Each structure stands twice: as C-alpha cells, then as structure tokens.
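>>> got a structure for you, letters missing:
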C-alpha cells in the first residue's frame, strides 16, 4: 500500500481538518477526514475542604449548559502543566499550589488526534478569573457526593470530565 496523501481542507482558530486519501486493501482509494488538534488539558480542582471546583459551561455545539471541569486547548509549544495552571485561573478564578498529572487520553480517535492531558489541582486560592469574551462559564463548588450523584443521574455528560474524574478515582483508590 502506498503512503496516504494529505491535504488541509479547512483551517480554523482551534483545529484543522485534513483529508487523507488512503489506499484500500481491495486496491481502491478512499478519503478520510481527520480533525487535527493541538491537544488540550482538563483540570479537576479540589479545595482544602474537599469540595470540587466544577463549572457550568454553555457549549454552543450542544446548545446546552454542561457540568464540567475546566479545560482548554494547548497553545503552540505550551507545556500541558502550564496550560493546566492557566486554564484553572482563567475559567475558575483559582490558583493552584500543586498540579498533578493524571495521564493523557485521546478524546475521540475515530475522527480527531486531540490528546487530552488530565490533571488534579490542589492547594487552591481564589484569584480573579480571566474568561475569554466568548465564554459563558459559571463556577459551582460541589461535594464529592453531589458530583457522583450528578454523574449517576446522567447530568455530567462531558467525556473529558468523566475520564479525568475516573483517572483521579483510580489514582486515589485504595488497592487491596
């Protein structure tokens, strides 16, 4: 099989869409469209009293307010841990003393190469938030029990948030 031929067919402010023309096993050819993304971070903030720093984020793509952890895309060449600190401040108005990696995962590898870096932030102190002009975000502090109840009820339906929460649970569970 020959190497795929690639062409950028759309370039936006956050991602690009690439058309790959690939050779099939049958000898034919097919086009595949891939969303090329610079990567992103998702940050689970935990206050000293154990409450979680969550957000209500109006997502234009769904036309709904979603319960999430703060998140954002990486700038060109940006270290994910620095992006985690930045996004926490920008979207929640909290600064972290400690940010710990929970690992990384692909958000939807069927059509995008976006790699999400998950973090937990602790030692939080309040500071001014720095929302972007087009962001509609409200900070909501929740107990762990409230958050789990929201997930069980299906009210948390953001994949990156659920994956980050699961990574945190697995990292902090007692192993027998």
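Right, received. Where do you want to start? Since the model is a prediction, treat every value here as computed from it, not as a measurement.

>>> got the contact list for residue 8?
By Cβ atoms under 8 Å, 6 or more residues apart in numbering, the residues touching residue 8 are 16-19, 36. (Glycine included, C-beta is placed from N, CA and C.)

>>> Out of these, give me the one that has the most neighbours.
For these, neighbours were counted using other Cβ atoms under 10 Å, and residue 18 has the most, 18 neighbours in all.

>>> pretty sure that residue contacts residue 5?
No: taking Cβ atoms under 8 Å as the definition, residue 18 is not a contact partner of residue 5, at 10.4 Å.

>>> Could you count how many residues lie near the nearest residue to residue 111 once chain neighbours are set aside?
Computed as Cβ to Cβ, 6 or more residues apart in numbering, the closest residue to residue 111 that is not its neighbour in sequence is residue 35, at 5.8 Å. When neighbours are counted by other Cβ under 10 Å, residue 35 registers 17.

>>> any idea how far residue 35 lies from residue 112?
Residue 35 sits 4 Å away from residue 112, going by Cβ to Cβ, to the nearest Å.

>>> Would you mind grabbing the residues shared as contacts by those two?
residue 15.

>>> re earlier: state the helix or strand in which the residue nearest to residue 111 lies.
Assigned by DSSP states H and E, residue 35 belongs to strand 29-36.
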